[in-house]
Each structure stands twice: as structure tokens, then as C-alpha cells.
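Trainee: Any chance you could fold what I've pasted below:
(one chain, ligands or ions: 2)
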Amino acid sequence: MDLAEKAAAMSLESKPKNVQTKREDYIDWKEYFMATAFLAAKRSKDPSSQVGACVVNKDNKIVGTGYNGMPIGCSDEEFPWGKYTESPLDSKYLYVCHAEMNAILNKNAADVKDCTIYVGLFPCNECAKIIIQSGIKEVVYLSDKHAHKPETIASKRMFDAVGIKYWQYKPKNQRIVIDFSDIDWNAMSP
Ligand SMILES: Nc1ccn([C@H]2C[C@H](O)[C@@H](COP(=O)(O)O)O2)c(=O)n1
Ligand SMILES: [Zn+2]
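Mentor: Ligands and ions are numbered 1, 2, ... in the order given. Sure thing, here's the model as predicted:
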């Protein structure tokens with residue numbers, strides 16, 4: 001063993017044993033915020049589309065979440081959830097509050113200026129107006145399945161006019177599993 005090899009061996013010996021390194025399969029911020037939007041969507045009573053939204057400030061703090069649902073006080077049992085009805089008064093569309101609107105109104109901060117909104121579906125024109133008026137500066141969406149509809153085209157026209165950045169989130173993982181037994185398997189037993 002030459003001098004350099006001896007020095008290297010000694011430095012290895014002096015290192016503490018059993019040092020753990022950080023886990024590498026944690027979710028990143030964007031995954032966390034989009035997943036939070038999707039978790040909020042699980043609260044929706046809409047039988048056909050469950051949409052969630054999550055508003056995040058510049059410090060990566062969540063300042064509001066929301067999902068599509070009936071206005072407070074308008075019973076989920078009494079108001080309609082249908083889509084194709086003879087009278088528009090009998091379908092959900094005239095009543096339901098969109099996820100984006102709820103996330104913004106549910107804010108737990110003074111305002112949502114310069115925030116980013118994560119949302120499952122590209123915002124409609126009505127939500128686009130609320131997003132603009134609230135001072136949100138960025139929209140991250142997962143699906144743009146209504147891209148051809150006038151509502152979506154109008155939203156993009158408004159976002160472009162005011163310089164709101166919007167981009168599609170491409171998930172790294174199709175699924176993020178929440179397993180309550182992760183922290184303690186025993187806590188699951190009766
Ligand atoms: N960006 C969006 C788009 C739609 N929603 C809500 C509004 C309705 O509850 C539902 C759409 O119903 P569908 O026509 O797919 O049966 O999603 C929203 O909250 N945010
Ligand atoms: Zn909307």
C-alpha cells in the first residue's frame with residue numbers, strides 16, 4: 001500500500017458507519033401541487049367530471065384548494081347533477097361552482113397575487129376571468145380535452161392578452177398512491 005492508498009483507507013475508516021442518504025423517490029413540487037388538486041377533486045359530487053384546483057404562492061405554499069361543487073347552502077341532494085336536460089334549469093351547469101373559482105375563493109391568504117394555479121382541466125372563460133382578476137400569473141393544467149370549445153379558446157385569448165403563462169403538466173407517474181398503512185401498518189387493524 002503506497003502513501004496515497006493508506007491515506008484513502010484511513011479517511012474511509014474515520015467516516016461514521018451506517019450513514020443514511022436521503023430517499024430519492026419523493027414527489028417533486030409540481031407533482032405535489034397537481035396531486036393536491038387531484039385529491040381535492042375526490043370531494044366532488046359531480047358524477048361525470050371531478051375537477052380539482054390548487055393555488056400556490058411564490059414560496060411553494062398552498063394558499064387554496066377547491067373542487068367543482070354546488071354553492072354553499074345549495075343542497076347536493078336537491079340540485080341537479082344531470083347534463084342533458086330539456087331545460088337548462090334542470091342540469092348542473094347553471095349552478096355548479098368550478099374548481100378554480102372555489103380554490104381562489106377558499107384562499108387562506110390576503111390575496112393570490114402572483115400565484116400559480118394547478119388544475120385538472122383547462123379553465124373555462126368564466127374561471128379565466130376570475131383568475132385574471134385575482135392576480136394569478138400562471139396556470140398549470142393537466143388536460144386540455146375541451147381545447148376546441150369556444151370557452152377554452154376565449155380563455156386562451158384572455159390569458160395571452162394579459163400575459164398569463166399557461167402550460168400543460170406531463171406527469172412523471174400515472175399514479176401516486178396514498179396508502180394509510182405507510183406510516184404504521186398496525187394503525188389499520190381494528
Ligand atoms: N376547468 C373546469 C372545467 C369544468 N369544471 C366542472 C364543471 C362541471 O361540474 C364539470 C364538467 O362537467 P361535464 O360537462 O364534463 O359533465 O366540471 C371545473 O370545475 N373546472
Ligand atoms: Zn370554469
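
Trainee: Quick check: buried residues in stretch 104-117?
Mentor: Going by neighbour count (16 or more other Cβ atoms under 10 Å), the buried part of stretch 104-117 is 104, 107, 112, 115, 116, 117. (Glycine included, C-beta is placed from N, CA and C.)

Trainee: Need the CA coordinates for it. PDB is fine.
Mentor: Taking C-alpha atoms only, stretch 104-117 is exported to PDB below (Å, rounded to 0.1, in the frame of the first residue of the first chain):
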ATOM      1  CA  ILE A 104     -59.400  31.100  -5.300                       C
ATOM      2  CA  LEU A 105     -62.400  32.000  -3.000                       C
ATOM      3  CA  ASN A 106     -61.100  29.400  -0.400                       C
ATOM      4  CA  LYS A 107     -57.800  31.200  -0.100                       C
ATOM      5  CA  ASN A 108     -56.300  31.400   3.300                       C
ATOM      6  CA  ALA A 109     -54.000  34.300   2.500                       C
ATOM      7  CA  ALA A 110     -54.800  38.000   2.000                       C
ATOM      8  CA  ASP A 111     -54.700  37.600  -1.800                       C
ATOM      9  CA  VAL A 112     -53.500  35.200  -4.500                       C
ATOM     10  CA  LYS A 113     -51.400  37.800  -6.400                       C
ATOM     11  CA  ASP A 114     -48.500  36.300  -8.400                       C
ATOM     12  CA  CYS A 115     -49.700  32.800  -7.500                       C
ATOM     13  CA  THR A 116     -49.800  29.700  -9.800                       C
ATOM     14  CA  ILE A 117     -53.000  27.700 -10.100                       C
END
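
Trainee: hey, where'd the helices end up in this structure?
Mentor: 3-13, 29-41, 99-105, 125-134, 150-162 (DSSP state H).

Trainee: Can you add distance to ligand 1 and mean pLDDT and give the ones you listed back as JSON lines?
Mentor: Below are the helices of the chain laid out as JSON lines (distance: least, Cβ to the nearest ligand atom, whole Å; pLDDT from 0 to 100):
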{"stretch": "helix 3-13", "distance to ligand 1": "57", "mean pLDDT": "59"}
{"stretch": "helix 29-41", "distance to ligand 1": "9", "mean pLDDT": "98"}
{"stretch": "helix 99-105", "distance to ligand 1": "4", "mean pLDDT": "98"}
{"stretch": "helix 125-134", "distance to ligand 1": "6", "mean pLDDT": "98"}
{"stretch": "helix 150-162", "distance to ligand 1": "9", "mean pLDDT": "98"}
